[in-house]
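Asks: Here is my input, please return the structure:
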Amino acid sequence: MSIRFRLLLSFTSVVVVSVILFVSAAYLLSVAVTGDFRSISSFYNIHYSLHPLSEEEENLFLDMKYLAKHDPKLLLDKERLEEYDLQLKMVQAQLAVRHNDALIYSTPTLNSRELNQVLPDYEMGNYAIRSTLNSGNQFFSYAKFDFYFDEAKQDMGSIFVLRERSPFAEIVRTLLPILIIVFVCVLLLTGFLLYRYVTRKIIFPLDRLRQSAEQIKGGDLSQELSTNSGDEVGQLVMAFEDMRRKLHDSIQLQLHYEDNRKQLLSNISHDLRTPITTIKGYAEGIRDGVTNTPEKLGRYVDAIHTRAADMEHLVDELLFYSKLDMNKEPFSFEQVDLNGCVRQVVNELTLEFDNHGVEIVWNNTLSEEQLYVLADREKLKRVLLNLFDNCLKYMVQSPKQITIRIDKQHEFAVVRISDNGPGIHPDSLPHIFERFYREEPSRSQAIRGSGLGLAIAKQIIEGHGGQIGADSEPGQGLALHFTLKLFEDRR
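Replies: Take a look at the predicted model:
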């Protein structure tokens, strides 16, 4: 539920409750004034409070009043009174006629004995002809007229037209002050409950949000925020928490990058120190005249050139890796036959394989099948070259063998290149794709290389949306494998 709707509902509730309570109080006040629980209009119509009879009742009352003034003896005629009573019954009214201190006629449904005891005293001026009375457990509103049957003899009489009303009106007359107090208390309680509700649902979450913002301002990003609400405040808290988490991750990533930068500088310094020291040593030998023959001079110059080439290769590899790591190296994707690409690289390395005495074994049921992937051809070839180069570096025992296998697994192509070299210890296996990582002693510093080959291969494969990994046991060789998504022609 949104805050806007919640506030609208809250304030609407206040208005509705207030109106209902006000109308109820007005209704009860009307009952207390008019004695008529069933006539809410009496609160607004003062005429009805002064004339509790309906129009038909009023006409019959006026007719009997006329007789009382001009020919009161006719009101002693029982048949005439029964006729008036019948007409009053049709409009749910009742009739009573008093002669001196006795009722000479009353509607049969009335308890004449109880009624006679509660009838008002004679008031020949007829100043208060409309009022209410209680008879037993019945409550009546009435109109009366006092008259003389024979004024000379002080022979008095009264006519009463009565309508039964709810006794609740009399109760309200007594309880009205209490009801007003209850009305005020309910209004105060409603306001307090609405205040508590709005405070708990809106103010408290915003206060926690403010505290979290102050903690972030102070550099503390560890304080998590949680909410179970789905309204705007809950969405704000979740958005703030998402921002805090991303900011925390960003700072952690920056710290990780800073550590990597320091490690990279350390690794570069370490890897460049050896060739620089070698070049410096050979150069000092030439300067000191150690190369006293053309053959020795040639060897020194060749050694300097080789070390300089190693340094150039290291710098090129490092630059290429940095571009991949910062996503600044563009990929030119195209449809590539994976089998054909692997065979092309193997053919290009045939001479080098022969020089190292390496046998290539194809363990592949798809060797003759065209298996298309979406890849950057040149970068894919670089991955294969780096993987083969890694195998050639570390195979020392004979016979040397590299096994190539290409498979399909669901929507991926899997390339697996295995050697029968010394293998890698399981503890070192997760780190071989880290830059400048070498395992000692089998991956020793005596083996030339930039230390970036497998790290570059990982960056390229992940840039293709694939995965790269390795399996090995000490003495059982190393198996490098990677996956590429198969090409789908959607034309």
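Asks: Surely residue 154 and residue 148 touch.
Replies: Yes - using CB atoms under 8 Å, residue 154 is in contact with residue 148, at 7.3 Å. Bear in mind the C-beta positions are built from the backbone N, C-alpha and C, glycine included.
Asks: more crowded one of those two?
Replies: Neighbour count, other CB atoms under 10 Å: between residue 154 and residue 148, residue 148 has more, with 16 against 10.
Asks: Report pLDDT for that one.
Replies: Here the pLDDT value assigned to residue 148 is 91.
Asks: a strand runs through it, doesn't it?
Replies: Yes - looking at residue 148 with DSSP: H, G, I helix; E, B strand; the rest coil, it is inside a strand.
Asks: Please name the bridge partners of it.
Replies: Beta-bridge pairing for residue 148 (DSSP bridges): residue 156.
Asks: right, and it touches residue 126 too?
Replies: No - judged on CB under 8 Å, residue 148 makes no contact with residue 126 at a distance of 11.9 Å.
Asks: Break the chain down into its structural domains.
Replies: Listed by automatic domain parsing, the domain ranges of the chain are 1-38+168-218, 52-165, 232-325, 334-485.
Asks: Show me where the protein has its strands.
Replies: 94-99, 102-106, 130-135, 138-150, 155-165, 334-337, 358-362, 372-375, 400-409, 412-419, 468-472, 478-485 (DSSP state E).
Asks: Centre of the chain to the last one, how far?
Replies: Pointing back at strand 478-485 there. Relative to its chain's centre, strand 478-485 lies at 41 Å (CA atoms, centre = their mean, to the nearest Å).
Asks: Give me the contact list for that strand.
Replies: Residues from elsewhere that reach strand 478-485 (CB atoms under 8 Å, 6 or more residues apart in numbering): 338, 373-375, 380, 383, 387, 390-391, 394, 409, 411-419, 421, 423-424, 454, 457, 461, 464-472.
Asks: Please repeat the previous calculation with a cut-off of 6 Å.
Replies: Outside strand 478-485, the residues that touch it by CB atoms under 6 Å, 6 or more residues apart in numbering are 373, 387, 412-419, 423-424, 461, 464-472.
Asks: now do the longest one
Replies: By CB under 6 Å, 6+ apart, the residues outside strand 138-150 that reach it are 35, 52-53, 61, 65, 68, 72, 122-124, 126, 129-130, 132-133, 155-165, 167, 170.
Asks: Which of the residues you listed are buried? Put it as a ChimeraX command.
Replies: For the buried members of the contacts of strand 138-150, the matching ChimeraX selection, counting by 16 or more other CB atoms under 10 Å, is:
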select :35,52,53,61,65,68,72,122,130,132,133,156,157,158,159,160,161,162,163,165,170
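Asks: Could you pull out the buried residues of stretch 190-210?
Replies: Buried residues in stretch 190-210, counting neighbours by 16+ other CB under 10 Å, are found at 190, 194, 201-202, 205, 208-209.
Asks: out of these, which are inside helices?
Replies: Using DSSP state H, the members of the buried residues of stretch 190-210 that fall in helices are 190, 194, 205, 208-209.
Asks: pLDDT-wise, which helix or strand of the chain ranks last?
Replies: Lowest on mean pLDDT, DSSP states H and E among the helices and strands of the chain sits helix 46-50, with a mean of 40.
Asks: where exactly do the helices run in this structure?
Replies: Using DSSP H, the helices of the chain run over 3-34, 46-50, 55-70, 78-89, 112-118, 168-198, 204-217, 232-287, 294-325, 338-348, 350-356, 377-394, 453-463.
Asks: Can you tell me what sits against the last one?
Replies: The reference is to helix 453-463. Residues from elsewhere that reach helix 453-463, judged by CB under 6 Å, 6+ apart: 321, 324, 331, 379, 383, 386, 389-390, 432-433, 435, 468, 482.
Asks: Please apply the same query to the fourth one.
Replies: Contact with helix 78-89 is made by 60, 74, 95, 105, 107, as judged by CB under 6 Å, 6+ apart.
Asks: Go through these and name the one with the lowest pLDDT.
Replies: pLDDT across the contacts of helix 78-89 is lowest for residue 60, at 86.
Asks: Run a quick neighbour tally on it.
Replies: For residue 60, the neighbour count with other CB under 10 Å is 21.
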